[in-house]
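Trainee: show me how the following folds:
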Amino acid sequence: MTATTSTMTDLRESVAAFLRYFGGPIWARNGQPGMANFAVGNPQEMPLPAYVNALRRHLEPQTPDWFAYKLSEPRSQAAVARGLTARTGLDWDPADVAMTNGGFAALAVAFRAILEPGDEVVFLSPPWFFYELLIRAAAGVPIRVPLAPPRFDLDFAAISNAITPRTRAVLLNSPHNPSGRVYPLADLRGLAAVLSDAATRIGRQLFLVSDEPYNRIVFDGRPFHSPAEIYPDTITTYSYGKTLLTPGMRIGYLTVPPTMQDRPAFRERVLLSQLAAGFSFPNALLQHAIEDLERLSIDVGVLELRRDRMVGALRGLGYETTLPEGTFYIMARSPIDDDVAFGELLAEEDILVLPGSVVEVPGWFRISLTASDEMVESSLSGFERARARPPVPVR
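Mentor: From the prediction side, this is the model:
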């Protein structure tokens, strides 16, 4: 057995499905002329001019150490803390903000900071692709709790039952990728009660890791609430790559609310984890620009209109879909059980979607609203034809 085969065997099927898809025949069509790419949240149009201008403004060095080694820059921490205070109503301490090279690194650092070998992390399925991988990389044990489509409601009893004396954290993603659910304040209070009761029962501190990269992409005037507003032992992770639609420009953060006890010790663990994870700090330019970037966002109103157009059109063609409350994803039920085979049919129509099996929702597929309006309009006839076609074997 080769090293690659051994690694694949050790990974859960969800990660293997990700690798098969992005190394397989459907994704190989990406970039072909006329292809409408709904598979991933990559930009399909030019970036925000204000974003580019912000980088240009801060590219010119102001001091000799402008591009020197950077940890979490105090001005970056202060800018993030101001934003968190405005959004949550809590008086955030800049010292509790750890700047990271993206939300991916923020999660990796969080797990390294809180987990001992064998500690369990309860997470909700369907998940983001790499939750399990990051938990395992920190010597943790991932424990799944399913969310049932099409509503993807939190199951408090199932979460409570999944918590054992080895549990160290519960991982929540809201707004939720891939379902688009934005869990309301009542649900967050219910989850906080579950964790507080379980912590008392097992006699151990339980963290709530709140992964919030889409917390500013919320539709229909709906408010977003973070569990950090309610549950003191919340670790919040964030990436600017979603709000700005610049996933290749890696900057994010992890932080804890001012209500968490023993924060100075936690800060030390986070710093050590950032160093041990390969210097998981964002580059100097992005940190210098963060005050400007904090004020920017893609046009959420345009995304909402695109959501309404896509959902209405697909439902008119006979598809069952979600109506996402946030993020930039729609889930649609495949007309055939084999969502990968249906993804191949759509690819034959110059449409790329993400089969639900890749995100642990077999029989569904995910559509990214970061596709352009032109892609939406040009794809509708292809969605109609694919629904009427028999499936083809997937190579």
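Trainee: tell me the mean pLDDT for stretch 341-359?
Mentor: Averaging pLDDT along stretch 341-359 gives 96.
Trainee: switch to numbering from 8
Mentor: Noted, 8 is the first residue going forward, which turns the last one into stretch 348-366.
Trainee: alpha carbons of that stretch, as PDB, please.
Mentor: What follows is stretch 348-366, C-alpha atoms only, in PDB (Å, rounded to 0.1, in the frame of the first residue of the first chain):
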ATOM      1  CA  ALA A 348     -24.200  11.000 -11.600                       C
ATOM      2  CA  PHE A 349     -26.500  13.900 -11.800                       C
ATOM      3  CA  GLY A 350     -23.600  16.300 -11.400                       C
ATOM      4  CA  GLU A 351     -22.100  14.600 -14.500                       C
ATOM      5  CA  LEU A 352     -25.300  15.200 -16.400                       C
ATOM      6  CA  LEU A 353     -25.200  18.900 -15.400                       C
ATOM      7  CA  ALA A 354     -21.500  19.100 -16.400                       C
ATOM      8  CA  GLU A 355     -22.600  17.800 -19.900                       C
ATOM      9  CA  GLU A 356     -24.800  20.900 -20.000                       C
ATOM     10  CA  ASP A 357     -21.800  23.200 -19.000                       C
ATOM     11  CA  ILE A 358     -22.900  23.500 -15.400                       C
ATOM     12  CA  LEU A 359     -20.700  22.700 -12.400                       C
ATOM     13  CA  VAL A 360     -22.300  22.000  -9.100                       C
ATOM     14  CA  LEU A 361     -21.000  20.300  -5.900                       C
ATOM     15  CA  PRO A 362     -22.600  16.900  -5.400                       C
ATOM     16  CA  GLY A 363     -24.200  16.600  -1.900                       C
ATOM     17  CA  SER A 364     -22.100  13.500  -1.200                       C
ATOM     18  CA  VAL A 365     -19.000  15.700  -0.900                       C
ATOM     19  CA  VAL A 366     -20.700  17.600   2.000                       C
END
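Trainee: could you list the buried residues of it?
Mentor: Using 16 or more other CB atoms under 10 Å as the test for burial, stretch 348-366 gives 348-354, 356-366. Using the backbone N, CA and C atoms, a C-beta is placed for each residue, glycine as well.
Trainee: with stretch 31-43 instead?
Mentor: Neighbour counts over stretch 31-43 (16+ other CB under 10 Å) mark Gly31, Ile33, Trp34, Arg36, Met42, Ala43 as buried.
Trainee: show the average pLDDT along it.
Mentor: Summarised as a single mean, pLDDT over stretch 31-43 is 91.
Trainee: what's that stretch in contact with?
Mentor: 28, 44, 46, 347, 350-351, 354, 357-359, 362, 378, 382-383, 385-386, 389, 401-402 (CB atoms under 8 Å, 6 or more residues apart in numbering).
Trainee: now, those that are in strands?
Mentor: With strands taken from DSSP state E, the overlap with the contacts of stretch 31-43 comprises Asn44, Ile358, Leu359, Pro362.
Trainee: sorry, back to before: of the buried residues of stretch 31-43, closest to Thr70?
Mentor: Distance ranking of the buried residues of stretch 31-43 against Thr70, using CB to CB, places Trp34 first at 44.1 Å.
Trainee: do you know how far Gly96 is from Ile237?
Mentor: For Gly96, the distance to Ile237 equals 11 Å [CB to CB, to the nearest Å].
Trainee: with Leu310 instead?
Mentor: Leu310 sits 28 Å away from Ile237, going by CB to CB.
Trainee: same thing with Ala88?
Mentor: Distance, Ala88 to Ile237, using CB to CB: 19 Å.
Trainee: what comes up buried for stretch 108-120?
Mentor: If you call a residue buried by 16+ other CB under 10 Å, then stretch 108-120 has these buried ones: 108-120.
Trainee: sort out for me which of those are in helices.
Mentor: Gly110, Phe111, Ala112, Ala113, Leu114, Ala115, Val116, Ala117, Phe118, Arg119, Ala120 (DSSP state H).
Trainee: hmm, the third one is touching Gly248, no?
Mentor: When you say that, I think you mean Ala112. No - judged on CB atoms under 8 Å, Ala112 makes no contact with Gly248 at a distance of 11.5 Å.
Trainee: who touches both of the two?
Mentor: Residues touching both Ala112 and Gly248 (CB under 8 Å, 6+ apart) are Arg257, Gly259.
Trainee: state the helix or strand in which Gln294 lies.
Mentor: If you go by DSSP states H and E, Gln294 is part of helix 291-295.
Trainee: please apply the same query to Leu179.
Mentor: Using DSSP H and E, Leu179 falls in strand 174-180.
Trainee: what angle separates that strand from helix 110-121?
Mentor: 160 degrees (axes from the mean of the first three to the mean of the last three CA atoms, to 10 degrees).
Trainee: OK, contacts around the nearest residue to Asp100 once chain neighbours are set aside?
Mentor: Leaving aside its sequence neighbours, Asp100 sits nearest to Pro265 (CB to CB, 6 or more residues apart in numbering; 5.6 Å). The contact partners of Pro265, by CB under 8 Å, 6+ apart, come to Leu97, Asp98, Trp99, Asp100, Asp103.
Trainee: for Phe231, state which of the residues you listed is nearest.
Mentor: Closest approach to Phe231 among those (CB to CB): Leu97, at 14.4 Å.
Trainee: based on its surroundings, how many neighbours for that closest one?
Mentor: For Leu97, the count of nearby residues is 15 (other CB atoms under 10 Å).
Trainee: element containing it?
Mentor: Using DSSP H and E, no helix or strand contains Leu97.
Trainee: right, and it touches Met267 too?
Mentor: No - using CB under 8 Å, Leu97 makes no contact with Met267, being 10.6 Å away.
Trainee: what segments of the stretch 258-402 of the chain are strands?
Mentor: Using DSSP state E, counting those that start in this stretch, the strands of the stretch 258-402 of the chain run over 259-262, 336-340, 358-359, 361-362, 371-375.
Trainee: any of the contacts of Pro265 buried? List them.
Mentor: Trp99, Asp100, Asp103.
Trainee: any chance of CSV for these, columns distance to Ile258?
Mentor: Formatted as CSV, these follow (distance: CB to CB, whole Å):
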residue, distance to Ile258
Trp99, 18
Asp100, 20
Asp103, 17
